[in-house]
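Novice: output the structure for:
(4 chains)
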2 protein chains.
Amino acid sequence: MQSTHLREHNLSLVMRAVVNATVPVSRATLARSTQLTKPTVSKLVEELITAGLVEEHAPVSQGSGRPMVPLHPAQHTVLGIGLEIAAEHISCLGIDLAGGMLSTRTEYLEVTADNVPEAVQACARLLDQVRAEAGPATLVGVCVAVPGRISPDGESVLSAPNLDWADVPLMRELQRIPALAAVPVLVQNDIRLSVLTEIARRPDESFMYVRGSTGVGGAIVLEGKVLEGVHGWAGEFGHTVVEPDGALCRCGRRGCLEAYVSYHALRERAGLRRDVLIDELVEELSRSSDRAEVIGTIGRSLGLAIANALNILDLSTVVLSGYLGPIAEEIAPFIRETVDRHALAAEVDEIVIERSDDLAAPALWGAARAAISPLLDHPGDWIARSVRA
Amino acid sequence: MQSTHLREHNLSLVMRAVVNATVPVSRATLARSTQLTKPTVSKLVEELITAGLVEEHAPVSQGSGRPMVPLHPAQHTVLGIGLEIAAEHISCLGIDLAGGMLSTRTEYLEVTADNVPEAVQACARLLDQVRAEAGPATLVGVCVAVPGRISPDGESVLSAPNLDWADVPLMRELQRIPALAAVPVLVQNDIRLSVLTEIARRPDESFMYVRGSTGVGGAIVLEGKVLEGVHGWAGEFGHTVVEPDGALCRCGRRGCLEAYVSYHALRERAGLRRDVLIDELVEELSRSSDRAEVIGTIGRSLGLAIANALNILDLSTVVLSGYLGPIAEEIAPFIRETVDRHALAAEVDEIVIERSDDLAAPALWGAARAAISPLLDHPGDWIARSVRA
DNA sequence: CTTAGTATGTTTGAGTTACTAACATACGAC
DNA sequence: GTCGTATGTTAGTAACTCAAACATACTAAG
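Specialist: Take a look at the predicted model:
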């Protein structure tokens, strides 16, 4: 490792400390939290300020002693854009370094395999609108959330059942958009982006994130980092086997978790029409007479899959999100019953089952954060760019 | 991060490059592989040589150009000791930096809950003998392999069924040994140590290590690092559920993998006496008339558990070890059948199922390596010590 | 109103560390 | 014997961080 890498590392350390701060931070508190000395932090902070990444606010008195100068991520100077492609809409969100929303837009469009170009055009329109509304902030990156499996190189969507997509070279299409020519673009799975929102709330924790939407997906978070796996699909446990030779799953396998716990499985069980929305389904369930039985079945299947995952990974925290969030209190006892029976960790620790305080669109927010994240890891690149400009 | 940390990092980088080298390395090749410059590498290497961690060998001509000076880990100067506590013996192995055996000893002793002090005394005796035979090398660490679950703080053995141990404060006992007073001591699970041997053979790879012995255990290796989990038990998938409400496992649960695939389960199935050795069991199986059926049952159960684990972790390589090693070729098709049916990764990649070329005592060797490992991570500490001396 | 106390942030000079560029070295090949 | 090539070293430079002292700005108490 070279000495310039050392500086980049420390610059990033300070930058992330400022961005992730919940209470106001000063140069002095940064020096303590980063293990660097005051002069070093001062120098780094000065560089970040001149680059327009950090702002000084008015001095604040903290009891005795000289008042501290609070440091905050610069607002309205940097723009990260998240795009979300869903079955029936495309959304776009612009945030700044502070994580504040600068602008957002949505177009309603039924996305299918037949109108990929239209969807990409919609993305381009939304992008331009959001960018225009966001003011003079410089666009540093775009991240697109897709509800499906992405190829390991991030170039194409291997399969997205809800969109009826298979092998769509999305990156190639996106890069035809003029506005994206000179900007880093990232395509990522929606759940892996949603979990970023949860990570922001639980910094450096380890947990299993379970998200129920049309299917059941998840992600594994180890000490604040999402586990990738060799293809970038780690944590996608919807096709874990919970019942050998059990019910037929729409993936063609038998006994998958999704065959028991998913929008489709639930809808069929409730005998509802095909186009019922998830919210309606949940509501329907709550009126249903065999609600308890349905919840119990879901809970036990989920519990088994979760127990196996917790054993392999040796985790003791589970976060429920998506449609599982609202029914978390109700379903948790069934999950817990199965988990406590099968998870080794339950012998020494209590397995914590919590619900995610999901935002309205966690994937969209996660995508916007992901678009900015490289800047936080390598502030030096941005500084070099702003010097040239 | 401070500049001294940078030096320590680079020192470790060079040290590990020398130790892990399969072909002879020179200062110049190190400069290329570590991304450092020749002068920097020269300085670091000089420091390692004066500290007695690295040795120069006779120059070797490599075609044209000045011959390179091959660098090797110093032999016979540093001693790492591994101890293995098994049901019927205790072994001790001393290796040097180069990974070469300096000395080894074994005592046969039936270890139970009732003779922990005796076992510890045996450890002390073996340690003294191995240390005496190893010559003038300086002892830098001791690691003890135990076939059971270790508490997260590494202080005690929570449970070791084969030894009939439960809550044994092994570290406290070990530290009463005079020879261990001033030496770092580590207690670790035997499988997690065995896997180190496999990692040495597959540097920086990601795979799932499955080891059959009296039970079934495993470890997860991600880019050359063993996944820990919150308690240090990650990968221990013997109690994964393969059949809800299935066969009774000796852990009291139902449907565990171990209830189908383990020494005990196999022995009972073969109708053999309690004290039959694993080797004999395997041999017995090979003569058995329903061998194919037994292998098939094992393979399918294992396959299901492996498929679920591969899905969660998104891995595509499985290494079979222990008693599964010798029968790997035979059992792999059954595992593959199940895995191919259920693992997502099988859709794009072929799942690789291989056998480990296990040494006679992988845990013992892994323990010895683990004893030396801290030195490789922080050569600076050793240098400081050798300067003081 | 002054003085002491305290915490923040800056200045200065020094000490590391690694880098660049040039050079010395030691071989093979023609 | 000279050239080409690759290794390893030397000398000087640039970059980074650190330690210690200092300047700053506030509170609190006499």
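
Novice: list the contacts for the residue in the stretch 1-150 of chain A positioned nearest to chain B?
Specialist: For the stretch 1-150 of chain A and chain B, the shortest gap (CB to the nearest CB) falls at residue A:6, measuring 5.0 Å. Heads up, the C-betas are built off the backbone N, CA and C, glycines and all. Applying CB atoms under 8 Å, 6 or more residues apart in numbering or on different chains, we find residue A:6 in contact with B:1, B:3, B:6.

Novice: and these as a markdown table, adding pLDDT and secondary structure?
Specialist: As requested, the contacts of residue A:6 are exported to a markdown table (pLDDT from 0 to 100; DSSP: H, G, I helix; E, B strand; the rest coil):
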| residue | pLDDT | secondary structure |
| --- | --- | --- |
| B:1 | 84 | coil |
| B:3 | 88 | helix |
| B:6 | 94 | helix |
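
Novice: secondary structure class of residue A:84, three-state.
Specialist: Here residue A:84 is recorded as strand under DSSP: H, G, I helix; E, B strand; the rest coil.

Novice: tell me, how many residues neighbour it?
Specialist: For residue A:84, the tally of surrounding residues (other CB atoms under 10 Å in any protein chain shown) stands at 28.

Novice: what's the answer for residue A:180, then?
Specialist: For residue A:180, the neighbour count with other CB under 10 Å is 19.

Novice: equivalent analysis for the one 10 residues further on, please.
Specialist: Residue A:190 is surrounded by 27 other residues when neighbours are defined as other CB under 10 Å.

Novice: ok, the one 4 residues further on next?
Specialist: When neighbours are counted by other CB under 10 Å, residue A:194 registers 30.

Novice: with adjacent residues omitted, what lies nearest to it?
Specialist: Closest residue to residue A:194 apart from its sequence neighbours, by CB to CB, 6 or more residues apart in numbering or on different chains: residue A:362 at 3.9 Å.

Novice: follow-up on the earlier one: ok, so of the contacts of residue A:6, who is nearest residue A:174?
Specialist: residue B:1 (36.5 Å; CB to CB).

Novice: restrict the contacts of residue A:6 to those near DNA strand C?
Specialist: For DNA strand C, the contacts drawn from the contacts of residue A:6 by CB under 7 Å from any atom of the strand are B:3, B:6.

Novice: as CSV, the contacts of residue A:6 with distance to DNA strand D would be great.
Specialist: Shown next, in CSV, are those (distance: CB to the nearest atom of the strand, whole Å):
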residue, distance to DNA strand D
B:1, 7
B:3, 5
B:6, 8
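
Novice: among the contacts of residue A:6, which one sits closest to residue B:95?
Specialist: For the contacts of residue A:6, the nearest to residue B:95 is residue B:6 (29.7 Å; CB to CB).

Novice: that closest one and residue A:11: what is the separation?
Specialist: 14 Å (CB to CB, to the nearest Å).

Novice: how about residue A:338?
Specialist: Counting by CB to CB, the gap from residue A:338 to residue A:11 is 47 Å.

Novice: so which of the two has more stuff around it?
Specialist: Using other CB under 10 Å as the criterion, residue A:338 and residue A:11 rank with residue A:11 on top: 24 against 21.

Novice: pretty sure that one contacts residue A:380?
Specialist: Yes: between residue A:11 and residue A:380 there is a contact at 5.8 Å, judged by CB atoms under 8 Å.

Novice: tell me the phi and psi of the residue nearest to residue A:374 when sequence neighbours are not counted?
Specialist: Nearest non-adjacent residue to residue A:374, counting by CB to CB, 6+ apart: residue A:141, 6.1 Å away. Per-residue torsions, residue A:141: phi 180, psi 160 (degrees, to the nearest 10).

Novice: what residues does residue A:141 make contact with?
Specialist: Applying CB under 8 Å, 6+ apart to residue A:141 gives the contacts A:80-81, A:183-186, A:370-372, A:374-375.

Novice: in helices, which of those fall?
Specialist: Among these, the members falling in helices are A:370-372, A:374-375 (criterion: DSSP state H).

Novice: number of residues surrounding residue A:349?
Specialist: By other CB under 10 Å, 15 other residues sit near residue A:349.

Novice: whoops, I mixed them up, residue A:47
Specialist: The number of residues packed around residue A:47, counting by other CB under 10 Å, is 17.

Novice: I figured residue A:137 hits residue A:103, correct?
Specialist: No: using CB under 8 Å, residue A:137 is not in contact with residue A:103, being 9.6 Å away.

Novice: tell me the residue of the stretch 251-389 of chain A that sits nearest chain B?
Specialist: Using CB to the nearest CB, the single residue of the stretch 251-389 of chain A nearest to chain B is residue A:314, 2.4 Å away.

Novice: what sits against that residue?
Specialist: A:344-345, B:227-236.

Novice: got a winner among these for most neighbours?
Specialist: Going by other CB under 10 Å, residue B:235 tops the contacts of residue A:314 with 28 neighbours.

Novice: scan chain A for its longest helix.
Specialist: In chain A, taking DSSP H as the definition, the longest helix is helix A:291-313.

Novice: now do it: which elements does it pack against?
Specialist: Helix A:291-313 is packed against strand A:207-212, strand A:216-222, helix A:263-270, helix A:278-287, helix A:328-342, helix B:291-313, with contacts defined by 3 or more CB pairs under 8 Å, 6 or more residues apart in numbering or on different chains; DSSP states H and E.

Novice: what's the closest of those to residue B:37?
Specialist: Proximity to residue B:37 (CB to CB) singles out strand A:216-222 among the helices and strands packed on helix A:291-313, at 34.7 Å.

Novice: now the element after the closest one, going C-ward?
Specialist: Of the helices and strands lying after strand A:216-222 in sequence (DSSP states H and E), the nearest is strand A:225-226.

Novice: turn the contacts of residue A:314 into a markdown table, including pLDDT.
Specialist: Listed next are these as a markdown table, based on pLDDT from 0 to 100:
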| residue | pLDDT |
| --- | --- |
| A:344 | 79 |
| A:345 | 81 |
| B:227 | 96 |
| B:228 | 93 |
| B:229 | 93 |
| B:230 | 92 |
| B:231 | 91 |
| B:232 | 91 |
| B:233 | 91 |
| B:234 | 94 |
| B:235 | 92 |
| B:236 | 86 |
